[in-house]
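Asks: Kindly generate the corresponding structure for this input.
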Amino acid sequence: MLFRSLSTAAILAAGFVALTPQLALASGVVLVNEPFTGTTTSSSEWVLPGAPAGTNVACMTASTATSQTPIPGCGSPADSSGSGALRLTADSGGEEGGVAYGLSVPTSDGIDAIFDSYQYGTDNGADGIGFFLAAANPSNPQPPTSIGQPGGDLGYSADGSAHSGMTYGYLGVGLDVYGNYATTSGEGTGCTSDPTWVTSGTHSSPKSGVTVRGPGNGTVGYCALTSTYSTPTTVDLDGGGSGTRSTSAVPVEIVINTSGSSVTTTATTTLTPHNFSSFSVNAYSYEVAFIPIGSSSALYLTGALPNASSILPSGWYNGSGIPYQMTFGWVGSTGGDDDVHEVNLVQSGTVSGTPPQLSATVSDNASGAPPHDSTMDYTVDVANASGAGTESDTITATDTIPTRSEEHTSELQS
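Replies: Below is the predicted model of the structure:
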């Protein structure tokens, strides 16, 4: 008999750290609040996926403990505690660093993520920072096993048919300083209907841009969806060689609206330095808001949520091809040119509503040790926390009962 408490849509929400809502949510709740400013993380759930080009170099700038977990310190010198950041790459060529949140986010109530990004250190900055959403197996939610390719692929995309991209990627938002993420080299196979702004060579006028790419796995997909290059629009994402973290902040907010109605976020003008005005997100759509360096107002990219059914295993997605569960994180990469890439002040939550918070208890009428050749009643009770959201999907409970021998009796475990 196999029983283990699982939900096809939202049971993993119970593992999140629920804090006082501060996010720009319509009527949602904060699930993750991670500043990355201290000597270590506030949650133990962060992981460093494998890096295809070698070592994943992500680290905490306020820590000298280079062997600490879940994210190592960057070493000496270190920022003072409370003023640090998650460093994805140092000012060095050929580096790639990325982190993922180890618990998955239920998509039934939408996703709203906000963070500050920083790129600075050289006058020929490269390559950029990518924020990703990756699909997770609803029966065993795990973060991606590997980030994507370095350089212009920004740790999300495949490099044509030669090298694989992020495992089961859904959306990759590229803060692209060097101008390669919106080119044909920044995608896998099967992208037969690229927009006209997807070029075969590096963008140069303007050079920097923000681009959203869609679902992909292995060497297939990661096709372009929308970009500031479509206008084209000049955006300053890099503080340059004389820049510092304080002069290079680019706040970003990403909203995934999986409902059939539009939602309006709440302004975050009290959250320095985010300062986002409220904005509306259409039904079944995503929207990316960001504030370029030197600007006091946000720019926006929006589009319909892509259908990922062609690249995901059966049972991972709903009827619209939207994954039931997703993990999120960031990747930074450099190539022949380089830059410092960092993020901090991270918050993530639902767009509207509270996820279910399920638990399971196991009981039997034999005190966990049934006599040989006997029968017993074995009960698994799944319950939802008071005040939590309704679980509308099928619940599957699985538990493994140990084997029993004449010499040794194993206790039943839930």
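Asks: Tell me how many other residues surround the residue lying closest to residue 378 once chain neighbours are set aside.
Replies: Distances taken as CB to CB, 6 or more residues apart in numbering put residue 364 closest to residue 378, at 4.8 Å, once the chain neighbours are dropped. C-beta here means a position set from N, CA and C on the backbone, and glycine is covered the same way. Neighbour count for residue 364, taken as other CB atoms under 10 Å: 13.
Asks: Mind pulling up the pLDDT for residue 364?
Replies: Looking at residue 364, its pLDDT stands at 77.
Asks: Tell me, how many residues neighbour the nearest residue to residue 218 once chain neighbours are set aside?
Replies: Take residue 218 and drop its neighbours on the chain: the residue closest to it by CB to CB, 6+ apart is residue 164, 4.8 Å away. Here the number of neighbours of residue 164 (other CB under 10 Å) works out to 19.
Asks: Isn't residue 164 up against residue 216?
Replies: No - using CB atoms under 8 Å, residue 164 is not in contact with residue 216; the gap is 9.0 Å.
Asks: Name the residues contacting each of those two.
Replies: Common contact partners of residue 164 and residue 216 (CB atoms under 8 Å, 6 or more residues apart in numbering): residue 158.
Asks: got a list of what the residue nearest to residue 218 touches?
Replies: Contacts of residue 164 (CB under 8 Å, 6+ apart): 52, 146, 148, 149, 158, 217, 218, 219.
Asks: and if we set it to 7 Å?
Replies: 52, 158, 218, 219 (CB atoms under 7 Å, 6 or more residues apart in numbering).
Asks: same deal with residue 80?
Replies: Residues in contact with residue 80 (CB under 7 Å, 6+ apart) are residue 62.
Asks: Retrieve the pLDDT associated with it.
Replies: Residue 80 carries a pLDDT value of 96.
Asks: Check the gap between it and residue 58 for me.
Replies: 20 Å (CB to CB, to the nearest Å).
Asks: re the thing from before, can you list the contacts of residue 164 in a markdown table and add secondary structure and neighbour count?
Replies: Shown next, in a markdown table, are the contacts of residue 164 (DSSP: H, G, I helix; E, B strand; the rest coil; neighbours: other CB atoms under 10 Å):
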| residue | secondary structure | neighbour count |
| --- | --- | --- |
| 52 | coil | 19 |
| 158 | coil | 26 |
| 218 | coil | 17 |
| 219 | coil | 19 |
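Asks: Looking at those residues, which gets the smallest pLDDT?
Replies: In terms of pLDDT, residue 52 ranks lowest among the contacts of residue 164, with 85.
Asks: these two touch, right, that residue and residue 145?
Replies: No - the pair residue 52 / residue 145 is not scored as a contact, 10.7 Å apart, by CB atoms under 7 Å.
Asks: Convert stretch 115-130 to CSV, retaining C-alpha atoms only.
Replies: Extracted in CSV, the C-alpha atoms of stretch 115-130 (Å, rounded to 0.1, in the frame of the first residue of the first chain):
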residue,chain,number,x,y,z
PHE,A,115,13.4,42.2,-6.5
ASP,A,116,16.2,44.6,-7.1
SER,A,117,19.0,43.8,-9.6
TYR,A,118,22.4,45.3,-10.0
GLN,A,119,24.9,45.2,-12.9
TYR,A,120,28.1,47.2,-12.6
GLY,A,121,31.9,47.0,-12.6
THR,A,122,33.1,47.5,-16.2
ASP,A,123,32.4,49.9,-19.1
ASN,A,124,31.8,46.9,-21.5
GLY,A,125,29.4,45.0,-19.2
ALA,A,126,28.4,41.5,-20.0
ASP,A,127,26.3,39.6,-20.2
GLY,A,128,23.3,40.1,-17.9
ILE,A,129,20.9,38.7,-15.3
GLY,A,130,18.0,36.3,-15.9
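Asks: which helices and strands does whichever strand or helix holds residue 31 pack with?
Replies: If you go by DSSP states H and E, residue 31 is part of strand 30-34. Using 3 or more CB pairs under 7 Å, 6 or more residues apart in numbering; DSSP states H and E, the elements in contact with strand 30-34 are strand 340-349.
Asks: Return the list of helices and strands in contact with the strand it packs on.
Replies: So strand 340-349, by 3+ CB pairs under 7 Å, 6+ apart, packs with strand 30-34, strand 86-89, strand 111-120, strand 325-333.
Asks: of all the ones you listed, which has the lowest average per-residue confidence?
Replies: strand 30-34 (a mean of 86).
Asks: what about that strand, distance to the chain center?
Replies: 12 Å (CA atoms, centre = their mean, to the nearest Å).
Asks: which residues are contacting the helix or strand that it is followed by?
Replies: Tracing the chain C-terminally past strand 30-34 and defining elements by DSSP H and E, one meets strand 46-47 next. With CB under 7 Å, 6+ apart as the test, strand 46-47 has contacts from 70, 71, 99, 100, 101, 102, 143.
Asks: Kind regards, and thank you for your time.
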